[in-house]
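A.B. asks: here is my input, please return the structure:
(chains A and B)
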2 protein chains.
Amino acid sequence: MNDSPLEVVAELILLLSIILIAAKIGGEISERYLKIPPVLGELVAGILISPFLLGGIHWFGGGAVFELPLGETQGLPVEPQLFFVAQVAAVILLFEAGLETDRQQFMKYVRPATAVAAGGVVLPFAMGFGATIMLGFASLESIQAMLPALFVGSIMTATSVGITARVLADIRRLDSPEGVTVLAGAVIDDVLGIIILAVIVGIAEEGSVTAGSVGLVFLKAVGFWLGLMIIGSLVSGYISRALLWFKSAGGALVLALALAFVAAGVAEIYFGLAMIIGAYTMGLALSGTELKHQIEVSMRAVNNFMVPIFFVVIGMQVDFTAFGASEDTTLAASIIFAVVLSVFAVISKVVGAGVPALFVGFNRRGATRIALGMLPRGEVALIIAGIGLASGVIGQDVFGVAIVMTIFTTILAPIFLIPAFRGGSGLRSEAEDEVEAD
Amino acid sequence: MNDSPLEVVAELILLLSIILIAAKIGGEISERYLKIPPVLGELVAGILISPFLLGGIHWFGGGAVFELPLGETQGLPVEPQLFFVAQVAAVILLFEAGLETDRQQFMKYVRPATAVAAGGVVLPFAMGFGATIMLGFASLESIQAMLPALFVGSIMTATSVGITARVLADIRRLDSPEGVTVLAGAVIDDVLGIIILAVIVGIAEEGSVTAGSVGLVFLKAVGFWLGLMIIGSLVSGYISRALLWFKSAGGALVLALALAFVAAGVAEIYFGLAMIIGAYTMGLALSGTELKHQIEVSMRAVNNFMVPIFFVVIGMQVDFTAFGASEDTTLAASIIFAVVLSVFAVISKVVGAGVPALFVGFNRRGATRIALGMLPRGEVALIIAGIGLASGVIGQDVFGVAIVMTIFTTILAPIFLIPAFRGGSGLRSEAEDEVEAD
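C.D. replies: As a prediction, the model looks like this:
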């Protein structure tokens, strides 16, 4: 590859076109022939064109289509430019999910969401930790020997709400009690997740952590989120009017997106929260404003263009060859670990998130929907696993196992989400009735 | 800056939000208060937030907002990720310009456009070459001593059609005879420009060039363009139907953009043409199809979001401090050179492109419009100057001078384009009448 900046851009724009074409072919096959959400076809398209499969083949004797920039970019399977575009797409997706959520509705379901998120963090962590110890990939001898198990536990707690948000948007259920609970649950899950990760990284680096440093992480995360929600709600009317004052083409749209980007960047850099949580919260703060109605249509066009890039790039992160690549453990042990962890991942989230839901106003149908919505680990788990691999805490074997678990939950969730959302209300009979289509 | 991939993305998404907000404030002030095209406000906003001005200040004792990644990225004032997004935006802009052009109209004006482009290349080259020699920044002693003058000449030939296309789109004159002639002229200009650059780079590297290698460059450039136009026109109906077969949300839009990206990437990598020329040609090939009408609205939303990024980033490339930074020449000599070159740049394009226009069917009004449309050198000149600087053929002094000339023509053109397009037809009386609004 030549180094002239414009030639680099040209190579990348060709790769971007491949990503877009793959996304649309995968999405169309899913929707038209398989009657499943397009996001699944996009994920599979990403897996197929990844550097680990078709994209890695040296076609016609030339170089690989998608060169592996591994190492340089810490395990990213795509160039930083494309990764950036994909992440911006995720931010836009969650901003729109926030915009389309009813804030009153959201507040009403924060309490059930807290129960769901807590259960969906504690049980997966415990089962991930247990499985790693049981199968001999870590031991209880010392805190250092425990580290891989702690990492696997924290990978298990991840919730990738992007996939669920997309599926619920596809079937227009983002605003259902279950949808709102899942999105609110993902916010709380993320706060809990960064605390766990902070503790484990602290242990890995220092050998210990203090209650004070954990408390600080907690206060920062909760403070950002509550602050943005409260201030955002108070001033959203003014923001809406200020943005609608702009008359130049696309002014309100672009500025709304800029606010989402600010929230996303600040959340990640200064508060340790995921970018998509910042963007979602900003969307939530601006939901119900006049601005939302004005930008709805153009927002959808930007979404249609950007969002498939994110899901194809997630698919591209899937590396089946990472599995069983270690020298320390046998392939058989890795396969057993992968199967056990995948099954545990499903059970722990379904029970951990589903059972609390039964106690906070949902019937079994509703609890199942919520549990399935919290199931996909997606890019969140991949990123935590990447941190573990890069820091040397886990090896290629555990990394491969974590990836199999992630693929499994990520692909399973949307397949079962659609049928789960058929039928009547997910609320217990004493809760309000809802008109349910379908 | 932390190296975790997500933190890098978060930093960049904050910079992107600054770019978008600056774009919209600059655009709004231009349109609402100054009654000039928004693109000018976006350019000025870019200059203001560039690492060379506000963006370079270490606010509140922290680091600069826009770190200069100079060297690493060959003189780009922004990170590669943002440069990539900006270039994609330019590709989308020119694709839309192509889509909105009437193909019959375009073909009708290819002949006048050829005359305009040829004049607009020969005279600027000669005057740039002459000025550099005259003012002692190069000499005629040897071919090596002549190189800076040859480079300045080739920088002078550049035409950045993005700015003109944007202004004409803003005032809805993209499809006027003058608009079509400028766009077609830019295509031919680009073909001529890459031939000149190929010759000069050949001289700089080898000391000489052969007629065969120049012929090859010519055949490749013309062949690509003609091939895409002819094949594209023949199969555009099928492409349109194929893309409209896709029913998933945004399918046709995304695939049309993917085709634009393919054309852009292939033009740059395999044929040495500018990406925007590939995208424009693809748009032209698909203009007048049902596809165009179907994607028009969503295309505009994507444009509104992306295109301002391009113009702000162009503005950010402007570095006033590069001017007079050399040790070889006095500041006074550089200033004189900059003034002379800027004046020559205007005269040479206006005369070089305008006079031929008078002989191919336009009246003085039409010729003026065309000449002004060909005036901005924009990012094309900046990139050629960057190649010259990186290869050591020109020093910081000549580079600074070239940049002043570029800013001058780039800012001047849209200021005069708007009033120039007021009034009646630009065609000579024997040419068809046109209904002219305003």
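
A.B. asks: make it CA atoms for all contacts and neighbour counts henceforth
C.D. replies: Noted.

A.B. asks: so what's whatever residue of the stretch 101-250 of chain A ends up closest to chain B closest to, chain neighbours aside?
C.D. replies: Distance from chain B to each residue of the stretch 101-250 of chain A (C-alpha to the nearest C-alpha) is smallest for A:Gly250, at 5.1 Å. In this structure, A:Gly250 finds its nearest non-sequential neighbour in B:Asn304, 5.1 Å apart by C-alpha to C-alpha, 6 or more residues apart in numbering or on different chains.

A.B. asks: where does the prediction get shaky in chain A?
C.D. replies: Scanning chain A for pLDDT under 70 picks out the ranges A:1-3, A:52, A:56-77, A:206, A:318-329, A:379, A:383, A:390-391, A:430-438.

A.B. asks: just to revisit the earlier point, the residue of the stretch 101-250 of chain A closest to chain B: what's it in contact with?
C.D. replies: By C-alpha atoms under 8 Å, 6 or more residues apart in numbering or on different chains, the contact set of A:Gly250 is B:301, B:304-305.

A.B. asks: same list (the residues you listed) but as TSV, adding distance to B:Ile295, secondary structure and neighbour count.
C.D. replies: Below are the contacts of A:Gly250 laid out as TSV (distance: C-alpha to C-alpha, whole Å; DSSP: H, G, I helix; E, B strand; the rest coil; neighbours: other C-alpha atoms under 10 Å in any protein chain shown):
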residue	distance to B:Ile295	secondary structure	neighbour count
B:Ala301	10	helix	21
B:Asn304	14	helix	21
B:Phe305	16	helix	21
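
A.B. asks: what residue lies at the spatial centre of chain A?
C.D. replies: Of all residues in chain A, the one closest to the mean position by C-alpha atoms, centre = their mean is A:Ser160, 2.4 Å from it.

A.B. asks: on that earlier part again, contacts only, for the residue nearest to A:Gly250.
C.D. replies: Shown in contact with B:Asn304 (C-alpha under 8 Å, 6+ apart): A:249-251, A:254.

A.B. asks: among these, which are in strands?
C.D. replies: Using DSSP state E, no member of those falls in strands.

A.B. asks: any chance of a ChimeraX selection covering the buried ones in those residues?
C.D. replies: In ChimeraX syntax, the buried subset of the contacts of B:Asn304 is picked out as below (16 or more other C-alpha atoms under 10 Å in any protein chain shown):
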select /A:249,250,251,254
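
A.B. asks: can you pull the residues of the stretch 201-350 of chain A lying near chain B?
C.D. replies: Residues of the stretch 201-350 of chain A lying near chain B by C-alpha under 8 Å from any C-alpha of the partner chain: A:246-251, A:253-255, A:257-259, A:261-262, A:264-266, A:268-269, A:275, A:298-299, A:301-302, A:304-305.

A.B. asks: let's see it at 7 Å
C.D. replies: A:246, A:248-251, A:254-255, A:258, A:261-262, A:264-265, A:268-269, A:298, A:301-302, A:304-305 (C-alpha under 7 Å from any C-alpha of the partner chain).

A.B. asks: so how far is B:Arg172 from the residue nearest to the centre of chain A?
C.D. replies: Distance, A:Ser160 to B:Arg172, using C-alpha to C-alpha, to the nearest Å: 45 Å.

A.B. asks: what do you get for A:Gly215?
C.D. replies: A:Gly215 is 59 Å from B:Arg172, where distance means C-alpha to C-alpha.

A.B. asks: for A:Leu372, same thing?
C.D. replies: Using C-alpha to C-alpha, A:Leu372 is found at 51 Å from B:Arg172.

A.B. asks: same check, this time on A:Val355
C.D. replies: Separation of A:Val355 from B:Arg172 (C-alpha to C-alpha): 60 Å.

A.B. asks: go on, A:Arg32?
C.D. replies: From A:Arg32 across to B:Arg172, the span is 39 Å (C-alpha to C-alpha).

A.B. asks: with A:Ser213 instead?
C.D. replies: Taking C-alpha to C-alpha as the measure, A:Ser213 falls 59 Å from B:Arg172.

A.B. asks: what do you get for A:Val91?
C.D. replies: A:Val91 sits at a distance of 33 Å from B:Arg172 (criterion: C-alpha to C-alpha).

A.B. asks: which of these two has more residues huddled nearby?
C.D. replies: Taking other C-alpha atoms under 10 Å in any protein chain shown, A:Val91 and B:Arg172 do not tie; A:Val91 has more neighbours (29 against 12).

A.B. asks: same for the helix or strand the more buried one falls within, what does it pack against?
C.D. replies: When elements are assigned from DSSP states H and E, A:Val91 belongs to helix A:80-99. On a contact count with 3 or more C-alpha pairs under 7 Å, 6 or more residues apart in numbering or on different chains; DSSP states H and E, helix A:80-99 meets helix A:275-286, helix A:290-316, helix B:80-99.

A.B. asks: name the next helix or strand downstream of that helix, please.
C.D. replies: Note on helix A:80-99: by DSSP H and E, the next helix or strand toward the C-terminus is helix A:103-108.

A.B. asks: can you name the next helix or strand after that next one?
C.D. replies: Once the chain leaves helix A:103-108, the next helix or strand it forms, by DSSP H and E, is helix A:110-134.

A.B. asks: contacts for the helix or strand just after that following helix?
C.D. replies: Downstream of helix A:110-134, the first helix or strand assigned by DSSP H and E is helix A:143-157. Residues outside helix A:143-157 that contact it (C-alpha atoms under 7 Å, 6 or more residues apart in numbering or on different chains) are A:120-121, A:124-126, A:128-129, A:132-133, A:138-140, A:193, A:196-197, A:200, A:345, A:381, A:384-385, A:388, A:393-394.

A.B. asks: again, 8 Å this time
C.D. replies: With C-alpha under 8 Å, 6+ apart as the test, helix A:143-157 has contacts from A:120-122, A:124-133, A:137-140, A:189, A:193, A:196-197, A:200, A:203-204, A:207, A:345, A:377, A:381-382, A:384-385, A:388, A:393-394, A:398, A:402.

A.B. asks: ok, A:Val266 - contacts?
C.D. replies: Per C-alpha under 8 Å, 6+ apart, neighbours of A:Val266: A:275, A:278, B:10, B:14.

A.B. asks: now with 10 Å, please.
C.D. replies: Contacts of A:Val266 were listed using C-alpha atoms under 10 Å, 6 or more residues apart in numbering or on different chains, and they are A:224, A:260, A:272-275, A:278-279, B:10-11, B:13-14.

A.B. asks: now do A:Thr164
C.D. replies: Counting by C-alpha under 10 Å, 6+ apart, A:Thr164 touches A:39, A:170, A:174, A:179, A:182-183, A:370, A:372-376, A:410, A:413-414, A:417.

A.B. asks: any of those buried? List them.
C.D. replies: A:39, A:174, A:179, A:182-183, A:370, A:372-376, A:410, A:413-414, A:417.

A.B. asks: quick one: which of the residues you listed sit in helices?
C.D. replies: Among those, the ones falling in helices (DSSP state H) are A:39, A:179, A:182-183, A:370, A:372-373, A:410, A:413-414, A:417.

A.B. asks: picking up where we left off before, what's the angle from the helix holding A:Val91 to helix A:290-316?
C.D. replies: Between helix A:80-99 and helix A:290-316, the angle comes out at 140 degrees (axes from the mean of the first three to the mean of the last three C-alpha atoms, to 10 degrees).

A.B. asks: now do helix A:80-99: distance to the chain's middle.
C.D. replies: Distance of helix A:80-99 from the chain centroid (C-alpha atoms, centre = their mean, to the nearest Å) equals 11 Å.
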